[in-house]
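Chemist: Quick one, structure for this:
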Amino acid sequence: MFLLFVIFFGCTKKGKGSKDLASPEDSLAIYLSLANDDDLPFESKQKYNKKAFDVIVNQEDDSLTRVNLFKVANRYYNMNDWKGYQNTTKLILQKSKMSKDSAGTAKAYIYLGDFYRSQVISDSAFMSYFNAEKIFSRINDKFNLAKTFLSKAQLQFDEGDLFESEITVFKALRILKQQKNVSNQLYDCYNLLGILFNEREEFDKALEFHNNALTTLNDKSIPSWLQLKASSLNNIGFVYLNKHDYAKAKKYFQNGLEQKNLLIDDPTLYAMLLDNLAYSKFKLKETQGLPNQFYEALKIRDSLKLTSGIILNKIHLSEYYAANNDTSKAVQFSRQALQLSRNSKKLRNTLEALKQITVVDPHNAPAYSNEYIQINEKLQKAERKMGEKFSRIEYET
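Modeler: This next block holds a predicted model:
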């Protein structure tokens with residue numbers, strides 16, 4: 001099953017900065033602001049962030065220096081410059097340890113865990129989060145301990161360790177319920193629990209937690225540009241898709257697409273909602289807007305190079321054309337989805353593509369079915385192995 005959810009963890013994206021360059025003696029603040037300006041090209045943002053980094057490392061090493069280095073790391077994260085992000089984070093970790101700054105060390109471990117998770121080096125990510133967890137627990141920093149549990153729970157979910165992920169997210173939730181001004185973090189907890197229970201096909205519980213997530217958004221301090229309401233509406237719609245209640249699913253997807261500035265703020269989520277809306281209409285045997293909505297979503301995903309989304313879009317188009325007796329196009333899109341999934345090396349994507357091509361290409365179905373069985377077994381073994389690694393890290397460290 002494809003995961004069609006948006007979860008917000010890790011370094012949060014900052015607001016846009018001023019473009020005014022005052023003089024040759026530009027301040028660190030201006031460099032940092034320009035490095036975070038979405039209107040500038042990648043190369044320019046990278047150049048300004050490097051300038052900020054050079055200013056900081058030539059300053060005396062104190063707590064403010066490390067705070068500013070975290071800002072540099074955030075900007076590398078926002079621009080997906082993983083090498084710059086890793087190098088800056090490792091420097092912060094080194095400086096924090098030398099200064100015996102426990103909070104800075106723990107935060108650096110969180111950033112390092114986010115790096116390893118972005119690179120799908122899950123055991124190293126887990127070790128980093130676990131190191132942060134131990135420090136935050138020792139210094140009794142409950143808020144950051146809860147955030148660490150959230151990052152760890154998401155990683156466990158990514159690796160198919162659903163039971164341990166549930167335990168970890170409830171640890172975070174217990175802490176956060178005793179805190180104030182934590183609506184954003186509560187949202188993350190409820191959202192992840194909704195996703196977990198949907199994966200386990202406990203749909204009533206999934207809807208309960210997704211609705212709890214929506215309720216937290218009554219706190220207007222949560223920035224609207226995060227588009228968390230649209231995300232939750234998509235997640236609820238997806239639960240109804242799995243329940244085969246396509247009429248309700250359609251309503252939630254439509255509501256999600258109606259959220260103000262969605263296409264500008266989050267084109268990835270917009271494309272996801274549009275594809276899901278088209279799919280629910282297809283299942284309801286409605287024809288209005290089809291197949292154009294599938295193609296519009298696919299165009300956005302193509303432009304953003306969202307491989308998993310492109311694969312799902314092509315699977316949906318294959319289903320659509322199969323139902324409309326256009327076997328040639330059905331096979332064409334299923335083959336494209338399968339080829340993309342194999343190239344992406346994401347086993348779950350390949351399983352979904354194989355399921356569809358088995359239906360529309362019955363002549364080769366035995367070979368596809370055999371491949372499906374082999375990949376499914378490989379995936380289950382990999383998930384068990386990673387779960388065992390996580391357990392060893394916790395019990396041996």
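Chemist: From here on, just use CA atoms for contacts and neighbour counts.
Modeler: Fine.
Chemist: Helix or strand for residue 46, just tell me which one.
Modeler: helix 42-57 (DSSP states H and E).
Chemist: which residues sit in contact with residue 129?
Modeler: The contact partners of residue 129, taken as C-alpha atoms under 8 Å, 6 or more residues apart in numbering, are 109-110, 113, 148, 151-152.
Chemist: List just the nearest of the residues you listed to residue 308.
Modeler: residue 151 (21.8 Å; C-alpha to C-alpha).
Chemist: ok, back up a step: just the buried residues of the very next helix or strand once past the helix holding residue 46, please?
Modeler: Moving toward the C-terminus from helix 42-57, the next helix or strand (DSSP H and E) is helix 63-78. By neighbour count on 16 or more other C-alpha atoms under 10 Å, the buried set for helix 63-78 is 65-66, 68-78.
Chemist: do the same with stretch 364-377
Modeler: Neighbour-count burial for stretch 364-377 [16+ other C-alpha under 10 Å]: 365, 368-369, 372, 375-376.
Chemist: and the residues you listed as JSON lines, adding pLDDT, secondary structure and distance to residue 220?
Modeler: JSON lines is the format used below for the buried residues of stretch 364-377 (pLDDT from 0 to 100; DSSP: H, G, I helix; E, B strand; the rest coil; distance: C-alpha to C-alpha, whole Å):
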{"residue": "365", "pLDDT": "97", "secondary structure": "helix", "distance to residue 220": "52"}
{"residue": "368", "pLDDT": "97", "secondary structure": "helix", "distance to residue 220": "50"}
{"residue": "369", "pLDDT": "96", "secondary structure": "helix", "distance to residue 220": "50"}
{"residue": "372", "pLDDT": "95", "secondary structure": "helix", "distance to residue 220": "46"}
{"residue": "375", "pLDDT": "96", "secondary structure": "helix", "distance to residue 220": "45"}
{"residue": "376", "pLDDT": "94", "secondary structure": "helix", "distance to residue 220": "44"}
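Chemist: low pLDDT regions in the stretch 251-397 of the chain?
Modeler: 397 (pLDDT under 70).
Chemist: One more pass at 80, please.
Modeler: Counting by pLDDT under 80, the ranges of the stretch 251-397 of the chain that qualify are 345, 395-397.
Chemist: Quick one: the helices in it, in order.
Modeler: Listed in chain order, the helices of the stretch 251-397 of the chain (DSSP state H, counting those that start in this stretch) span 262-265, 267-283, 292-304, 307-323, 327-344, 347-360, 365-396.
Chemist: From the chain's centroid, how far away is the longest one?
Modeler: Relative to the chain's own centre, helix 365-396 is displaced by 21 Å; criterion: C-alpha atoms, centre = their mean, to the nearest Å.
Chemist: Next, the angle from that helix to helix 347-360.
Modeler: 160 degrees (axes from the mean of the first three to the mean of the last three C-alpha atoms, to 10 degrees).
Chemist: Give the other helices and strands that helix 365-396 contacts.
Modeler: helix 122-138, helix 347-360 (3 or more C-alpha pairs under 8 Å, 6 or more residues apart in numbering; DSSP states H and E).
Chemist: how much does that helix deviate in direction from helix 122-138?
Modeler: Using the same axes, to 10 degrees: helix 365-396 against helix 122-138 is 30 degrees.
Chemist: residues near residue 119, how many?
Modeler: 11 (other C-alpha atoms under 10 Å).
Chemist: May I have the phi/psi pair for it?
Modeler: When read as degrees, to the nearest 10, the backbone of residue 119 gives phi -100, psi 10.
Chemist: and if you look at residue 306?
Modeler: Torsion angles, degrees, to the nearest 10, at residue 306: phi -90, psi 90.
Chemist: And it, how far from residue 39?
Modeler: Separation of residue 306 from residue 39 (C-alpha to C-alpha, to the nearest Å) stands at 21 Å.
Chemist: again, but for residue 342
Modeler: For residue 342 relative to residue 39 (C-alpha to C-alpha), the value is 35 Å.
Chemist: just to revisit the earlier point, distance to residue 220 for the helices and strands packed on helix 365-396 - can I get that in JSON lines?
Modeler: Formatted as JSON lines, those follow (distance: least, C-alpha to C-alpha, whole Å):
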{"stretch": "helix 122-138", "distance to residue 220": "29"}
{"stretch": "helix 347-360", "distance to residue 220": "37"}
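Chemist: Tell me which of those helices sits nearest to residue 258.
Modeler: That would be helix 347-360 among the helices and strands packed on helix 365-396, by C-alpha to C-alpha, at 28.8 Å.
Chemist: list the helices and strands that closest one packs on?
Modeler: helix 307-323, helix 327-344, helix 365-396.
Chemist: Residue 148 and residue 133 touch, don't they?
Modeler: Yes: counting by C-alpha atoms under 8 Å, residue 148 touches residue 133, with 6.1 Å between them.
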